[in-house]
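> Provide a 3D model corresponding to the input given below.
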Amino acid sequence: MTAVERIEEQLASLRIAKRSTLSEEPAYVLDVDVSKPARSESSRFVAVSCSKKSIRVYNRETLNFLREYSSSPGILHGVRFAHACDSIVFSAGSDGTVKCWDIRLATQKAAQIFSGYPSNVFISFDINCSDLIICAGTEKVEKDTFLVFWDARGITDCTSTTKEPLGVYSESHNDDVTKVCFHPVERNLVVSGSTDGLVNVFDINKDNEDDALVSTCNSDSSVSCVGWSGRGYKQVYCTTHDEGFCWWDIAQLDTEEPITLSRVLDVRDTGCGENNSLHYLVGGLYHEKADKLFLIGGTSTGNIHLLGCSSDGLSLVGTLGGGHSATVRSFCWNLADESLLTGGEDAQLLLWKPGAVERSLSKKASMKIASSVQKRVRVHNSSLKSRKK
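Model (predicted):
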């Protein structure tokens, strides 16, 4: 049995184990992250950011609600757990801050605040694998777009302080920085994506922004998601707001080989999905054991598609149905126990496990709300800056 066939089998065995509804009020689950396991223990917590401008924390196994933190007045963009301490969770906000929350504490106050510059509106962020550096991407304000960096040391014993930035990169993007993603292993590497169409890889150990820019790849569209893949994570990929997909091998930068592994202008035209029903992409996941990159996509009625990526294009691996009743916005696939967490516009957080049996099989009616909270996407600049390598 091939690796992909094993994954097909795993996906086919997934059933809803637990279901949690955000609240009685309609709200989207915008992002989800699972705490990193401490030593040999399994991860204990799930955090979601939702359209009610709050972070909600749940028990990882039961999906029982534990805590809620309000980001008001800012709008939340993303949620991430620290790598070394599973009780520390971060969020970035449109109020120009990245906040650190300690779920061991009863207080609703942020344990630590990383403040940006006065005009900053953060719409993306990440923390590196050693919990040393935080990077956040901004909306374009007038002519300025920034990647802002902070020293994150000391987060495991957060004291209520405000930290100023270490510095910024300001020349490499010319529109909203929609996604920031640190390398899973190399703590000095970070990839950013923007509505200007560019996907930039930086080595932040370098002295200045020009030297730090390792590569610039052009998606020719507005980037919605970026990530790392391949053995040693030497590849980067992106999805776009018009449902495109690009995949590059940056290990080939200094060779004569082409760096583009695949480019699909619109995955909705590839014939993936039941009756060709693929409406959108949510993001990607690299499966280390299988050495395979997958994309998660779906339909407006809540079906979830897993797509395999190759140089020949995309292929449908499997579909999960009967869970969500509206668009799925976020997922977190735990390869260790083969479980999957999904969150959507139906205000539901679902935990899928192999062979699970859900106590209550009643599918929640859609709580889809008005489009005013839909993720705002500005039409990307048609005159894209081209710095291909």
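> burial measure for the residue nearest to Ser229 when sequence neighbours are not counted, as a count.
Of all residues not flanking Ser229 in the chain, Tyr286 sits nearest, at 3.8 Å (CB to CB, 6 or more residues apart in numbering). Heads up, the C-betas are built off the backbone N, CA and C, glycines and all. Per other CB atoms under 10 Å, the neighbour tally for Tyr286 reads 20.
> now Tyr286: which helix or strand?
Under the criterion of DSSP states H and E, Tyr286 resides in strand 280-287.
> quick one: strands adjacent to the helix or strand of the chain with the lowest mean pLDDT?
Lowest by mean pLDDT, DSSP states H and E among the helices and strands of the chain is strand 161-163, with a mean of 83. In the sheet, strand 161-163 lines up against strand 112-115 (parallel) (DSSP bridges).
> quick one: strands adjacent to the helix or strand following the partner strand?
Following strand 112-115 in sequence order, the next helix or strand is strand 122-127 (DSSP H and E). Strand 122-127 has its sheet partners listed here by DSSP bridges as strand 133-138 (antiparallel).
> the following helix or strand past the partner strand: which residues count as buried?
Sequence order places strand 147-151 as the next helix or strand after strand 133-138, per DSSP H and E. Judged by neighbour count using 16 or more other CB atoms under 10 Å, the buried positions of strand 147-151 are 147-150.
> got any ranges where the protein has weak pLDDT?
23-26, 38-42, 155-160, 271-276, 358-389 (pLDDT under 70).
> which parts of it are helices?
3-13, 209-212 (DSSP state H).
> dump those into TSV; add mean neighbour count as well.
Listed next are those as TSV, based on neighbours: other CB atoms under 10 Å:
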stretch	mean neighbour count
helix 3-13	15
helix 209-212	14
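> what is the neighbour count of Val267?
25.
> Glu164 now?
So Glu164, with other CB under 10 Å, has 10 neighbours.
> one more: Lys18?
Lys18: 21 neighbours (other CB under 10 Å).
> name whatever forms a beta bridge with the nearest residue to Gly167 once chain neighbours are set aside.
Residue nearest to Gly167 in three dimensions, not counting chain neighbours: Phe149, with 5.8 Å by CB to CB, 6+ apart. Under DSSP bridges, the beta-bridge partners of Phe149 are Cys135, Gly167.
> I'd say Asp249 and Ser262 touch.
No: using CB atoms under 8 Å, Asp249 is not in contact with Ser262, being 10.1 Å away.
> picking that back up, in JSON lines, list the helices of the chain along with distance to Gly313.
Converted to JSON lines, the helices of the chain look like this (distance: least, CB to CB, whole Å):
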{"stretch": "helix 3-13", "distance to Gly313": "14"}
{"stretch": "helix 209-212", "distance to Gly313": "33"}
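> nearest to Ala84, of those?
For the helices of the chain, proximity to Ala84 was assessed by CB to CB; helix 209-212 is nearest, at 25.0 Å.
> from the chain's centre, how far out does that closest one sit?
The chain centroid and the centroid of helix 209-212 are separated by 25 Å, computed with CA atoms, centre = their mean, to the nearest Å.
> with just CA atoms, put it into PDB.
Output of helix 209-212 as PDB, limited to C-alpha atoms (Å, rounded to 0.1, in the frame of the first residue of the first chain):
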ATOM      1  CA  GLU A 209      16.300  43.500   4.700                       C
ATOM      2  CA  ASP A 210      18.100  43.300   1.300                       C
ATOM      3  CA  ASP A 211      20.500  40.600   2.500                       C
ATOM      4  CA  ALA A 212      17.700  38.800   4.400                       C
END
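> list the contacts of that helix.
169-172, 202-206 (CB atoms under 8 Å, 6 or more residues apart in numbering).
> which of these tops the neighbour count?
Tyr169 (24 neighbours).
> re earlier: quick one: which of the buried residues of strand 147-151 is nearest Leu295?
Among the buried residues of strand 147-151, and counting by CB to CB, the member closest to Leu295 is Leu147, at 25.2 Å.
> the closest one - nearest residue in space that isn't next to it in sequence?
Nearest non-adjacent residue to Leu147 (CB to CB, 6+ apart): Tyr169, at 4.2 Å.
> please look at that neighbour and Asn208 and confirm they touch.
No: between Tyr169 and Asn208 there is no contact under CB under 8 Å: 9.2 Å.
> coming back round to it: you'd agree the residue nearest to Gly167 is up against Leu132?
No: using CB under 8 Å, Phe149 is not in contact with Leu132, being 10.4 Å away.
> put the alpha carbons of stretch 244-252 into PDB.
The C-alpha atoms that make up stretch 244-252 are tabulated as PDB, following Å, rounded to 0.1, in the frame of the first residue of the first chain:
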ATOM      1  CA  GLY A 244      -5.100  29.300  -7.200                       C
ATOM      2  CA  PHE A 245      -2.100  27.300  -6.000                       C
ATOM      3  CA  CYS A 246       1.600  27.800  -6.500                       C
ATOM      4  CA  TRP A 247       4.500  25.600  -5.300                       C
ATOM      5  CA  TRP A 248       8.200  26.300  -5.500                       C
ATOM      6  CA  ASP A 249      11.500  24.500  -4.600                       C
ATOM      7  CA  ILE A 250      13.800  27.100  -3.200                       C
ATOM      8  CA  ALA A 251      16.600  24.500  -2.900                       C
ATOM      9  CA  GLN A 252      16.900  25.000  -6.700                       C
END
